[in-house]
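Undergrad: below is the structure, and that's it, no one-letter string:
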């Protein structure tokens, strides 16, 4: 029943009962939905890439401080066991960064698949626009 309702809605929206017009409108909507999803996914990839860059900067600063404790002493008061705190912090941020980098790689693969899928839908739409 749901498919029949959708078909009737498409026919009404197309202003025609012609199968070509209904299919063209259906593919137009599919392309619009896929473009929206692609845009969202691309924005999320940019967000995660920014997060990876931010985590890299934190790790670099912590590694610099652990290598040169006199620089860290200018900013904070250090105790004898604070070197362990820096080392633990570096390991913690590296674990988060590695997780985010893996997530970004997977999202980029999904983005490529979505781009291919969008291309196929646009090809179908072009066929019906040519009719």
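TA: Perfect, thanks for sending it. Predicted model, so just to flag it, every value in this text is computed and none were measured.

Undergrad: for the closest residue in space to residue 59 that isn't next to it in sequence, give me its contacts.
TA: Leaving aside its chain neighbours, residue 59 sits nearest to residue 93 (5.1 Å; criterion: Cβ to Cβ, 6 or more residues apart in numbering). C-beta: built from backbone N, CA, C; applies to glycine. Contacts here follow Cβ atoms under 8 Å, 6 or more residues apart in numbering; on that basis residue 93 touches 55, 58-59, 62.

Undergrad: out of those residues, who has the most neighbours?
TA: Using other Cβ atoms under 10 Å as the neighbour definition, the contacts of residue 93 reach their maximum at residue 62, which records 21 neighbours.

Undergrad: report all helices and strands that whichever strand or helix holds that residue contacts.
TA: Under the assignment given by DSSP states H and E, the secondary-structure element containing residue 62 is helix 19-67. Judged by 3 or more Cβ pairs under 8 Å, 6 or more residues apart in numbering; DSSP states H and E, the packing partners of helix 19-67 are helix 2-14, helix 69-75, helix 82-130.

Undergrad: mean pLDDT lowest where, among those helices?
TA: Within the helices and strands packed on helix 19-67, the least confident segment by mean pLDDT turns out to be helix 69-75, at a mean of 60.

Undergrad: gap between residue 93 and residue 54?
TA: Per Cβ to Cβ, to the nearest Å, residue 93 is found 10 Å from residue 54.

Undergrad: surely residue 38 meets residue 111?
TA: Yes - proximity of residue 38 to residue 111 meets the contact threshold set by Cβ atoms under 8 Å, at 7.4 Å.

Undergrad: which of the contacts of residue 93 lies closest to residue 105?
TA: Each of these was checked against residue 105 using Cβ to Cβ; the closest is residue 55, at 14.8 Å.

Undergrad: isn't the closest one up against residue 100?
TA: Yes - at 6.5 Å, residue 55 and residue 100 qualify as touching, with contact defined as Cβ under 8 Å.

Undergrad: which residues touch residue 124?
TA: With Cβ under 8 Å, 6+ apart as the criterion, the residues that contact residue 124 are residue 27.

Undergrad: 10 Å instead, please
TA: Applying Cβ atoms under 10 Å, 6 or more residues apart in numbering, one finds that residue 124 lies in contact with 23-24, 26-27, 30-31.

Undergrad: sounds good, over and out.
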